[in-house]
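coords please:
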Amino acid sequence: MDYARSFAHSDSVIDFVQRPVVIIRGITTFIMMLIFSCVLDKGYSSLDVCQYNKKQGACNFTVGIAIIAFFMSIGFIVATYFWEQIANTVTRKYIVFTDMAFNAFWCFLFFIDFCYITDMWRKTPDLDKAAMSSMTRSNLQFTIVCSLACIFLLAALAYLAYKQLNEIQNNASGFENSNAGFAGTGYGGQPFPPHTESAGGNYQSPYAS
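Presented below is the predicted three-dimensional model:
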């Protein structure tokens, strides 16, 4: 067994999970799982009726956007991990743009969801709330809190993706970029492999061995 290679791989994984964008995305993914788990577990009555004021749309919408966001977040985590292996600048640009657009749009959807389920919970009759178990009430209220948290987490992820997209565009346009603000916190690395040019004007390919 190559212990040196194993330790090197372990260090790279530790560096990866310590990036702020990975930490934020990991927390977001976990909260998404909590949201749809709580609603699927206690959000519906024995008659399959939504406990949020008997509005099926409140439960279905919450579960739907949480499940989609959960799997998309996993996909973006994988893309972040293999970021250094993606040499094509256009591909990187599409990934970051998709990341930014998705997080921004889902931030808006969770804002709507938070307002909707909060209002439905407020309108739920006190008799119906009293008939619920304490675990059911806790799950429904916890889902509301998690929806609020997702708004800020998704907004932060959209902002980080926006910064990375600007960095890629600036480098593609030939502008100098220090990479100090986001290289260590986002996807990592340079937006595309650098090239070198000798004093004589001969171009040396970055992929040349």
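
Going by C-alpha atoms from here, please, whenever you check contacts or count neighbours.
Noted.

confidence score at the closest residue to residue 63 other than its chain neighbours?
Spatially, and ignoring its direct neighbours in sequence, residue 63 is nearest to residue 36 (4.7 Å; CA to CA, 6 or more residues apart in numbering). The score at residue 36 is 95. That number is its pLDDT.

and what of residue 152?
For residue 152, the model assigns a pLDDT of 97.

gap between the residue nearest to residue 63 and residue 140?
Distance from residue 36 to residue 140, counting by CA to CA, to the nearest Å: 11 Å.

in the chain, which spans are strands?
Along the chain, counting by DSSP state E, strands occupy 196-197, 203-204.

for the last one, what is the average pLDDT?
Read it as strand 203-204. 43.

what does stretch 126-137 give?
On average, stretch 126-137 scores 91.

From the chain's centroid, how far away is it?
33 Å (CA atoms, centre = their mean, to the nearest Å).

hang on, the earlier thing: count of neighbours near the residue nearest to residue 63?
22 (other CA atoms under 10 Å).

residues contacting it?
By CA atoms under 8 Å, 6 or more residues apart in numbering, the residues touching residue 36 are 62-64, 66-67.

Among those residues, name the ones in helices.
Among the contacts of residue 36, the members found in helices (DSSP state H) are 62-64, 66-67.

Separate out the buried members of the residues you listed.
Neighbour-count burial (16 or more other CA atoms under 10 Å) is assigned, among these, to 62-63, 66-67.
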